[in-house]
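Chemist: Here's a sequence, model it:
(one chain, ligands or ions: 1)
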Amino acid sequence: MYNLTGRNIVLGVTGSIAAYKAADLASKLTQAECSVDVIMTPEAAKFIAPLTFSSVTGRPAYASMWDAASAVTEAHVALSRRADLLVIAPATATTLARFAAGSAEDLVSLTALATRAPILICPAMDPNMFEHPAVQANVETLKARGVYFVGPDEGRLASGQMGVGRLSEVETVMGAIRFVLGRGGDLAAKKIVVTAGGTREQIDPVRYVGNYSSGKMGFAVAAAARDRGADSVLITAPTELADPYAVDVIRVKSAMEMRDAVAEQCARADALVMTAAVADYQPAEAIGEKIKREGRDSLTISLVRTPDILKDLSADEGLIKVGFAAESNDLLENARKKLKSKGVDLIVANDITAEGSGFGADTNQVTLLDKSGAEEELPLIGKYEVASRILDRVVSLIETRQR
Ligand code: PMT
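Modeler: Okay, here's the model as predicted:
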C-alpha cells in the first residue's frame, strides 16, 4: 500500500445516515496499515456507535471533546497535531457551514480548525440541500482555502430521492486519500503515461482479435504514479476496471488508436510505462458487415502487423521508456532481446505461465532488466507493489537523465 502504510489518519464522522459507510472506510484504512483515529459529532453517534469504529480500528473513537481530552495527553488538539490527513466522511451541510465559519462547536469542526494537515471532505446530504447557494458558497470558501473534496455522487439516497448527494463509494474515497497524501511526492510535477489492457483489432462489427489482459497491471502503475504526486495519464484498451480517482483516463480500442494516444500524450511526458498487451496482428481489412456462417465450412482471416508502439515512438529524447516482456518461455533471454530491440530504459520480464502471475491475477512476479545489464528478480507480490518497484526505478532514471 506504500503511501498509506504508517500514516496517521483522523476520520471525522458527522450526522448523516451515510455514517455507517464510514465504518467500512475506517476498516479499509486500518487494513492498509494506517493508524486511524475516529472523531464524531454527537449527531453522528446517534447513527452509529463509537464502539463500531473502535472495534475496526483497534483504537478509541471519540464522540465528545471531553472524551478526547481525558484520553490523550495534549488535550483535544492532540489528534489534530498527529494527523497526516483529516478526512471528514460523511460531511453534512452543518459541518460545511461550521468549517467555513471557523466555528469549533464539536470535536470534528474543532479538529479541522486546529490541524495543519490537509483536509479531505466527503459531503453527503439531500440533493436540494447540496445545490443550495448557501452550501455551494461554503464549498467554494473551503476549496479556496485548499480543502480537498470528493463527491457527493449522483444516485439514490436513503430518502428514496435521486440526485447528487450520495457519499462517494469507499474505493473512490480511498483513491482520493491516496491522491492527497501523495501531493509533493517524488514524482510531483512529472507526467507519467501508462498503457493498460489488451487491444481489440476488429474483424467485423461483432468480432475482434484480442487477448486476456485485464488491465490490472497498468491501472496499478497509474494509481501508484498518482500516489507519488505524478500527473498520471492512463491510456487503456477495453477493461472492466473503473477509472482510478484523479488519473486522466483515455479509453481506446485498437493498437492504432493506442499508438496515436501514446504519441500525443508522450509529446510532453517524463516517462512511458507500456504494460498494455498490444495485439501484434490486426485483420488486413476490417469487414463492414457481420461475417455469416451460412455457406462456409471454414474461414481464413488474413492478418497484418500492427505498429510497434514502443519501438516506433519518436518522442523527446529525455522520455524514460519502460516496456514489459510477456513471455511463456526463455523469459530472460527474450526480455534481454526486447530491451535492446525496443530501445527502452527498463524492461519488466513477466513469466505469464507462472502461478499468480501475468494476465488477470492480482499479483505478479517479474524481473527488472536495465541497460547496464543489471537484473533484479522480484518476489511474487501484489501488482500495486510491482508498480511501486518499477516507479522507484523511473524516479532514479528521471533524476539521472540528460535532457
Ligand atoms: O492486464 P493484466 O491482466 O494485469 O496483465 C498484465 C500483463 C500480463 C498484460 C502485463 O504484465 C504484461 O506483461 N504486459 C506486456 C504484454 C505484451 O504485449 O508484451 P510483449 O512482450 O508482446 O510486448 C513487449 C512490449 O512492447 C510491451 O511493453 C508492449 O506493450 C509493447 N508493444 C507490443 C506490441 C506492439 N505492437 N506495440 C508495443 O508497443
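Chemist: Show me what from the chain comes close to the ligand.
Modeler: 213-217, 255, 274-278, 280, 306, 308-310, 323-326, 338, 342, 350, 352, 358-360 (Cβ under 6 Å from any ligand atom). All C-beta spots, glycine's among them, are computed from the backbone N, C-alpha and C.
Chemist: list the contacts for the closest residue to Gly163 other than its chain neighbours?
Modeler: Leaving aside its sequence neighbours, Gly163 sits nearest to Pro127 (Cβ to Cβ, 6 or more residues apart in numbering; 2.8 Å). Pro127 makes contacts with Leu157, Gln161, Met162, Gly163, Val164, Gly165, as judged by Cβ atoms under 8 Å, 6 or more residues apart in numbering.
Chemist: so where does the last one fall, helix or strand?
Modeler: What that stands for is Gly165. Using DSSP states H and E, Gly165 sits in strand 162-166.
Chemist: what about dumping the CA coordinates of that strand to CSV?
Modeler: The C-alpha coordinates for strand 162-166 follow below in CSV (Å, rounded to 0.1, in the frame of the first residue of the first chain):
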residue,chain,number,x,y,z
MET,A,162,-32.4,10.5,-6.9
GLY,A,163,-29.8,13.2,-7.3
VAL,A,164,-26.3,14.5,-6.4
GLY,A,165,-25.8,13.9,-2.7
ARG,A,166,-24.6,10.3,-2.1
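Chemist: got the contact list for it?
Modeler: Contacts for strand 162-166 (Cβ under 8 Å, 6+ apart): 18, 123-131, 151-157.
Chemist: repeat that for 7 Å
Modeler: Ala124, Met125, Asp126, Pro127, Phe130, Pro152, Asp153, Glu154, Gly155, Arg156, Leu157 (Cβ atoms under 7 Å, 6 or more residues apart in numbering).
Chemist: Likewise for stretch 115-124?
Modeler: For stretch 115-124, the external contacting residues (Cβ under 7 Å, 6+ apart) are 16, 18, 80, 83-91, 96, 112, 130, 142, 147-152, 165-168, 173, 176-177, 180.
Chemist: Now do the buried residues in that stretch.
Modeler: Using 16 or more other Cβ atoms under 10 Å as the test for burial, stretch 115-124 gives Thr115, Ala117, Pro118, Ile119, Leu120, Ile121, Cys122, Pro123, Ala124.
Chemist: now swap in stretch 279-290 and tell me
Modeler: Ala279, Gln282, Pro283.
Chemist: Does the second one belong to a helix, a strand or coil?
Modeler: Counting by DSSP: H, G, I helix; E, B strand; the rest coil, the backbone at Gln282 sits in strand.
Chemist: Could you check how far it is from Ala189?
Modeler: For Gln282, the distance to Ala189 equals 37 Å [Cβ to Cβ, to the nearest Å].
Chemist: Over to Phe99?
Modeler: Distance from Phe99 to Ala189, by Cβ to Cβ: 29 Å.
Chemist: circling back to that earlier point, out of the contacts of stretch 115-124, which are inside strands?
Modeler: Mapping the contacts of stretch 115-124 onto strands (DSSP state E) picks out Leu85, Leu86, Val87, Ile88, Ala89, Pro90, Ala91, Tyr148, Phe149, Gly165, Arg166.
Chemist: Okay then, goodbye and thanks.
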